[in-house]
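In: below are the sequence and a predicted model for it; my questions follow.
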Amino acid sequence: MEHNTLASILATCGGTESCGVWFYLIVTILKLVLVFAVILAFVVLSVWIERRVAGWIQDRPGPNRAGIPLHLFQRFGSKEKQPCKKLLHFFGVPEDCWIAKLFRWLRLDREVPTFGLMQPCLDGAKLFLKQELTPSYVRKAYFIIAPMLVLGPPLVAAAVIPFASGFSTPYGDVNMCVANLGIGPLWIFAISGLSVYGLTLAGWGSNSKYPFLGGLRATAQLISYEVAMGLSIIPLLMMFGTLNLQNIVQYQADNGWTILPLWGEGLTWERWFMLVPMLISFVVFVTCVFAEANRTPFDMAECETDLVGGYHSEYSSMKFASFFMGEYAAMVIGSALVVTLFLGGWSIGFGADAALHAWCDWFAVICQFLMFLIKLVAFIFFFVWVRWTLPRFRWDQVMKLGWLVFLEVTVANIFLTAAIIYFVN
Amino acid sequence: MEAAISSILFYLFAAIAVLSAFGVVASRNPVTSAMCMAVSFASTAAVLFCMGAQFLGIVQIIVYAGAILVLFLFVVMMLDVKSEESTLSRLPRAIVGVVIAGIFAGMVTKAALLLPGATEGKCPVAALCCDEACTTDTGATDKFGGPLPALKETDTKEISGTKALGETLFTQYNIAFVILSFALLAGTVGAVALGRKIRKD
């Protein structure tokens, strides 16, 4: 934030007393814009990651051709056909050098290197321009609001995720988290739990058999896994003693990440005892995040082999895209929550946060933000990896896993954590 | 200004809650009723948020809007409920409804007035759920609510009332809590018993 503009805005708003409030409002709006931009960019990016990684895992190129059509520009005088090759030639790098090979593998030797990043943009444009078809037999009002109810909640849920620590300005302290609520994870559970209405209403509103079955499956699955998800983080909260996500991440930055306690207090053997329940929590929670985001191997609600397309069979164009984006946004939020609770959130680790803060607040915040994004990308990669590793479960297996395995494991885990806290610490 | 925003939001969400609650009874379509109820629950949660009782508000959303009502919707959709013909005629039905609603409203009002600070115009829920610090260090609780909870970012103290609520529930009201839990358990056992398939062999 530029101090000059900020100062002038504050001056026009007058009154030193309300200064704090205005500063708070302006900073909050800026943070909101940042969070929305990050989430929506990550929705697009995760579609791209999904398709490129899928291609990589299946030993095929994936979408790499969509690029900037250079031959259009050539008419306007540009003669550079392969900028990358020219660059290599300029520095005298031989053709069979590893750099050249790497560049070729990254498809840098073709036209303008976009790595196929144009593909999601073109997909979006295609979905916008497609004919929008509303079948005559649907229940119209519910048919229209259902996609909104799927896309909305994940964007709202992002409000409590801290994406960097705070810094102080002359006007007040800034906490890099839109709403620093004292109920962090519960907020995310509650709000993203509301997206189940979208799936149910889409199934019912479509007024046809397969979408209805898909909607019912989605509802049953989401409710089942919400229970295990909520219970699985209780050991974590028992250890941290707080529900505030910013405080949780701060603790991890000082004393070691939840599942990687390698510095600070994390080196004590009490903490290493706690690693057992934490790892159980981690596995259960990550699996529940997969189920909540309706991702393979838990994508029962849109399982095309038994349900055509599930709850979104009747949707086309941008309404279908809303479901699609909602699913990816839920995946991004789920990843962000896993990263925040278990993998240290924005913390760089090994005591680097405190050192950076001592040196320069601004630089520390930027580094932490980048670290958070790197962790997020890594976890999204993991999501995609699992998709191409595990086959889809059967419906009864999904329910059995939720109610007969995870529920018991998480409850036992709570008792185990309590015992460790009572006897060891 | 903080108090003003809080008050405006409070009355806005309270109005939405009441209107959508009216929608629940007025609507002919059971699914529309259920959705109105969801909106009502969500805006009640927002009202609780405005009062600074964050934990109570979020639990309202998780439990009622997120789980119970979804199951409601599930059942309504599966059964495809048609409007039922009542044996009573219109006037007696209305009288019975008014009496039941009146008794319930009286109970709720009495309970609300018994809360600490309710008769002095303070926010009863804040007195019940917030920590001492929350209710004493700001003068804004005289009006509804208090400051926007998120405004107190620099305050490291937990103001969500999670701890206060937990302590009250598990010490002072422990017996009532356990009895209610058993009532719910009895309901679950009953549902399992009804839903169980009886083998003929």
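Out: Sure, I can see it.
In: number of nearby residues for A:I380?
Out: By the criterion of other Cβ atoms under 10 Å in any protein chain shown, A:I380 has 22 neighbours. Every residue, glycine included, has its C-beta placed from N, CA and C.
In: swap that for A:L155, sorry
Out: Neighbours of A:L155 (other Cβ under 10 Å): 20.
In: same thing with A:I374?
Out: As a burial measure, A:I374 scores 12 neighbours (other Cβ under 10 Å).
In: pLDDT value on it, please?
Out: Note on A:I374: pLDDT of 91.
In: same question for A:I380.
Out: For A:I380, the model assigns a pLDDT of 90.
In: that one and A:W48 touch, don't they?
Out: No: using Cβ atoms under 8 Å, A:I380 makes no contact with A:W48, being 10.3 Å away.
In: show me the shaky parts of the stretch 51-200 of chain A.
Out: Along the stretch 51-200 of chain A, segments meeting pLDDT under 70 span A:65-87, A:106-115.
In: ranges for the strands of it?
Out: For the stretch 51-200 of chain A, the strands defined by DSSP state E, counting those that start in this stretch cover A:167-169, A:172-174.
In: make sure A:I49 is indeed in a strand.
Out: No: using DSSP: H, G, I helix; E, B strand; the rest coil, the assignment for A:I49 is helix, not a strand.
In: how much space between it and A:F298?
Out: 19 Å (Cβ to Cβ, to the nearest Å).
In: neighbour count winner among those two?
Out: Set side by side, A:I49 and A:F298 show more neighbours around A:F298, with 25 against 17, by other Cβ under 10 Å.
In: list the residues that contact B:V31.
Out: By Cβ atoms under 8 Å, 6 or more residues apart in numbering or on different chains, the residues touching B:V31 are A:142, A:201, A:204, B:73, B:76-77.
In: mind doing that once more with 10 Å?
Out: If you count contacts by Cβ atoms under 10 Å, 6 or more residues apart in numbering or on different chains, B:V31 has them with A:139, A:142, A:200-201, A:204-205, B:72-73, B:76-77, B:80-81.
In: and it, which helix or strand is it part of?
Out: Assigned by DSSP states H and E, B:V31 belongs to helix B:30-50.
In: C-terminal to that helix, what's the next element?
Out: Per DSSP H and E, the first helix or strand lying C-terminal to helix B:30-50 is helix B:54-59.
In: anything in that following helix near chain A?
Out: Yes: counting by Cβ under 10 Å from any Cβ of the partner chain, chain A has neighbours in helix B:54-59: B:54-59.
In: filter the residues you listed down to just the buried residues.
Out: Buried subset of those (neighbour count, 16 or more other Cβ atoms under 10 Å in any protein chain shown): B:54-59.
In: one step back: lowest-confidence one in the residues of helix B:54-59 next to chain A?
Out: The member of the residues of helix B:54-59 next to chain A with the lowest pLDDT is B:Q54, and it reads 78.
In: for A:G326, see how far away that one is.
Out: Separation of B:Q54 from A:G326 (Cβ to Cβ) stands at 26 Å.
In: same thing with B:L91?
Out: Distance, B:L91 to A:G326, using Cβ to Cβ: 48 Å.
In: over to A:S208?
Out: Where A:G326 is concerned, A:S208 sits at a distance of 21 Å (Cβ to Cβ).
In: got it, and A:V174?
Out: 30 Å.
In: more neighbours: the two, which one.
Out: Applying other Cβ under 10 Å to A:V174 and A:G326 shows that A:G326 carries more neighbours, namely 26 against 22.
In: doesn't the more buried one belong to a helix?
Out: Yes: counting by three-state DSSP, A:G326 is part of a helix.
In: ok so, going back, quick check: mean pLDDT across the helix holding B:V31?
Out: Summarised as a single mean, pLDDT over helix B:30-50 is 87.
In: with stretch B:110-125 instead?
Out: Rounded mean pLDDT across stretch B:110-125 is 68.
In: flag every residue of the stretch 201-350 of chain A that's near chain B.
Out: The stretch 201-350 of chain A comes close to chain B at residues A:201, A:203-205, A:212, A:215-216, A:219-220, A:222-223, A:226-227, A:230, A:237, A:241-244, A:246-247, A:250, as judged by Cβ under 10 Å from any Cβ.
In: contacts only, for A:L216.
Out: Contacts of A:L216 by Cβ under 10 Å, 6+ apart are A:199-200, A:203-204, A:301, A:311, B:74, B:77-78.
In: could you do B:Y64 as well?
Out: Contacts of B:Y64 by Cβ under 10 Å, 6+ apart are B:37-38, B:40-42, B:44-45, B:70, B:72.
In: in terms of pLDDT, where does the residue in the stretch 301-425 of chain A positioned nearest to chain B sit?
Out: Of all residues in the stretch 301-425 of chain A, A:Y311 sits closest to chain B, at 12.2 Å by Cβ to the nearest Cβ. A:Y311 is assigned 82 on the pLDDT scale.
In: so it touches A:W204, yeah?
Out: Yes: counting by Cβ atoms under 10 Å, A:Y311 does reach A:W204; the two are 9.1 Å apart.
In: mutual contacts of these two, please.
Out: Overlap of the contact sets of A:Y311 and A:W204 (by Cβ under 10 Å, 6+ apart) consists of A:146, A:211-212, A:215-216, A:219.
In: possible to save those as CSV with secondary structure?
Out: Listed next are the shared contacts of A:Y311 and A:W204 as CSV, based on three-state DSSP:
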residue, secondary structure
A:A146, helix
A:P211, helix
A:F212, helix
A:G215, helix
A:L216, helix
A:T219, helix
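In: kindly report the domain assignment for chain B.
Out: For chain B, automatic domain parsing gives the domain ranges B:2-81+B:123-160, B:93-122.
In: was I right to think A:P63 contacts A:I49?
Out: No: A:P63 lies out of contact with A:I49 (Cβ under 10 Å); the separation is 11.3 Å.
In: between the two, what contacts are shared?
Out: Joint contacts of A:P63 and A:I49 (Cβ under 10 Å, 6+ apart) are A:P120.
In: rewinding a little: buried ones among the residues of the stretch 201-350 of chain A next to chain B?
Out: Buried members of these, counted by 16+ other Cβ under 10 Å: A:201, A:203-205, A:212, A:215-216, A:219-220, A:222-223, A:226-227, A:230, A:237, A:242-244, A:246-247, A:250.
In: the residue most central in space within chain A and A:L45: what is the separation?
Out: The residue lying closest to the centre of chain A (Cα atoms, centre = their mean) is A:V332, at 1.5 Å. Relative to A:L45, A:V332 is positioned 9 Å away (Cβ to Cβ).
In: got the confidence number for B:G145?
Out: 38.
In: rewinding a little: contacting chain A as well, which ones from the contacts of B:Y64?
Out: Answer for these near chain A (Cβ under 10 Å from any Cβ): B:38, B:42, B:45, B:70.
In: and the residue nearest to the centre of chain A, what is it in contact with?
Out: Residues in contact with A:V332, defined by Cβ under 10 Å, 6+ apart, are A:38-43, A:45-46, A:154-155, A:158, A:161, A:293, A:376, A:379-380, A:383.
In: helix/strand/coil for it?
Out: helix.
In: give me the phi and psi angles of A:N294.
Out: phi 60, psi 40 (degrees, to the nearest 10).
In: CA atoms only for stretch A:400-418 - export them in PDB, please.
Out: Once non-C-alpha atoms are left out, stretch A:400-418 reads as follows in PDB (Å, rounded to 0.1, in the frame of the first residue of the first chain):
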ATOM      1  CA  LYS A 400     -18.200 -47.800   5.100                       C
ATOM      2  CA  LEU A 401     -15.000 -45.900   5.200                       C
ATOM      3  CA  GLY A 402     -16.700 -42.800   6.500                       C
ATOM      4  CA  TRP A 403     -18.900 -44.300   9.200                       C
ATOM      5  CA  LEU A 404     -17.100 -47.500  10.200                       C
ATOM      6  CA  VAL A 405     -13.500 -46.600   9.900                       C
ATOM      7  CA  PHE A 406     -12.900 -42.900  10.200                       C
ATOM      8  CA  LEU A 407     -15.500 -42.100  12.900                       C
ATOM      9  CA  GLU A 408     -14.000 -44.800  15.200                       C
ATOM     10  CA  VAL A 409     -10.400 -43.900  14.400                       C
ATOM     11  CA  THR A 410     -11.000 -40.200  15.000                       C
ATOM     12  CA  VAL A 411     -12.700 -40.800  18.300                       C
ATOM     13  CA  ALA A 412     -10.000 -43.100  19.500                       C
ATOM     14  CA  ASN A 413      -7.400 -40.600  18.300                       C
ATOM     15  CA  ILE A 414      -9.000 -37.900  20.600                       C
ATOM     16  CA  PHE A 415      -8.600 -40.200  23.600                       C
ATOM     17  CA  LEU A 416      -5.100 -41.100  22.600                       C
ATOM     18  CA  THR A 417      -4.200 -37.400  22.400                       C
ATOM     19  CA  ALA A 418      -5.800 -36.700  25.800                       C
END
